[in-house]
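Participant: here are the coordinates; sequence isn't available:
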């Protein structure tokens, strides 16, 4: 079974530029998550989709970050404009979420490492 | 709100030593508890989980018991190997946090041959 795919793996940009990340979840997984992992910290949830709809985006900096999940499959996360403090690893994860909710296992992609100069 | 606190690393052990990584949580309701592991150069992967009080999760020789009375979910392994060197994250989901997963800061483990 193919895992969660993410691209690019690495990105270096200058502050105030824009950047986009792509995620393809495991086939059949209804829920998709984007996390931000700053060096030395645990992942922090940015946004959670259930199929096409947003379940939680309370920690997404909406003035600069946006995300979409078209047709309930692939997703993109965009930062515009980027700031120095956005340097982090951006992780995508997916889960089946067959109504089990809180006990569901999340499967993570390899992440995209972003460096903002 | 929900939170997870885990012991700071790095933890350095010799091969075959006993491992404990402490994890405590704050949550209302009945969250599920998880340990995820991140091996060098790889993504996070689930190590084990427990969904209710007194449950014991186990995998690859690692164990953790959901202790509601002490709000803890400590990770243990009787005999570590060099291949266990990784970063370990304690996490919770549910309770008053809905379906949002809250991660601890991670504990880096080094195992020497």
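Facilitator: Great, that's in hand. Just so it is clear, the structure is predicted and the values come from calculations on it, not from any experiment. Numbering: from 1, shown residues only, chains lettered A, B, ... in the order given.
Participant: What are the buried residues along the lowest-mean-pLDDT helix or strand in chain A?
Facilitator: Here the helix or strand of chain A ranked lowest by mean pLDDT, DSSP states H and E is strand A:53-56, holding a mean of 90. Neighbour-count burial for strand A:53-56, counted by 16 or more other CB atoms under 10 Å in any protein chain shown, picks out A:55-56. Quick note: C-beta positions are derived from backbone N, CA and C, even for glycine.
Participant: Just checking: what are the partner strands of it?
Facilitator: Sheet pairing of strand A:53-56 (DSSP bridges) gives strand A:44-50 (antiparallel).
Participant: Report how many residues lie close to residue 36.
Facilitator: Let's take chain A. Look at residue A:36: counted by other CB atoms under 10 Å in any protein chain shown, it has 20 neighbours.
Participant: not quite, I wanted chain B
Facilitator: Neighbours around residue B:36, by other CB under 10 Å: 26.
Participant: do the same with residue B:35
Facilitator: If you count neighbours by other CB under 10 Å, residue B:35 ends up with 25.
Participant: Okay, and the beta partners of residue A:112?
Facilitator: residue A:90.
Participant: which residues does it contact?
Facilitator: A:6-11, A:21, A:89-90 (CB atoms under 8 Å, 6 or more residues apart in numbering or on different chains).
Participant: I'd like the distance from the least confident helix or strand of chain A to the chain centre, please.
Facilitator: Here the centre of strand A:53-56 is set off from its chain's centre by 13 Å, with CA atoms, centre = their mean, to the nearest Å.
Participant: Please point out which parts of stretch B:8-26 sit buried.
Facilitator: Buried-residue list, stretch B:8-26, by 16+ other CB under 10 Å: B:11, B:13, B:19, B:21-25.
Participant: For that stretch, report the contacting residues that lie outside it.
Facilitator: B:2-7, B:31, B:33, B:35, B:64, B:70-82, B:84, B:87-88, B:90, B:92, B:104-113.
Participant: is it true that residue B:5 touches residue B:104?
Facilitator: Yes. Residue B:5 is within contact range of residue B:104, at 6.4 Å (criterion: CB atoms under 8 Å).
Participant: Neighbour count: those two, which is higher?
Facilitator: residue B:104 (25 against 15).
Participant: where in chain A is pLDDT low?
Facilitator: A:1, A:98-103 (pLDDT under 70).
Participant: most centrally placed residue in it?
Facilitator: Centroid-nearest residue in chain A: residue A:34, 2.4 Å away (criterion: CA atoms, centre = their mean).
Participant: Is that residue within a helix or a strand, and which one?
Facilitator: For residue A:34, the host element (DSSP states H and E) is strand A:31-37.
Participant: Report the angle between that strand and strand A:44-50.
Facilitator: For strand A:31-37 against strand A:44-50, the angle by axes from the mean of the first three to the mean of the last three CA atoms, to 10 degrees is 170 degrees.
Participant: and for strand A:31-37, what are the contacting residues?
Facilitator: Defining contact as CB under 8 Å, 6+ apart, one finds that strand A:31-37 is touched by A:23, A:25, A:43-50, A:55, A:67, A:69, A:75, A:77, A:88-97, A:104, A:106, A:111, B:101.
Participant: Off-centre distance for that strand?
Facilitator: 4 Å.
Participant: ditto for stretch A:14-21
Facilitator: So, by CA atoms, centre = their mean, the centroid of stretch A:14-21 is 15 Å from its chain's centroid.
Participant: Quick one: end-to-end length of it, please.
Facilitator: 16 Å (CA to CA, to the nearest Å).
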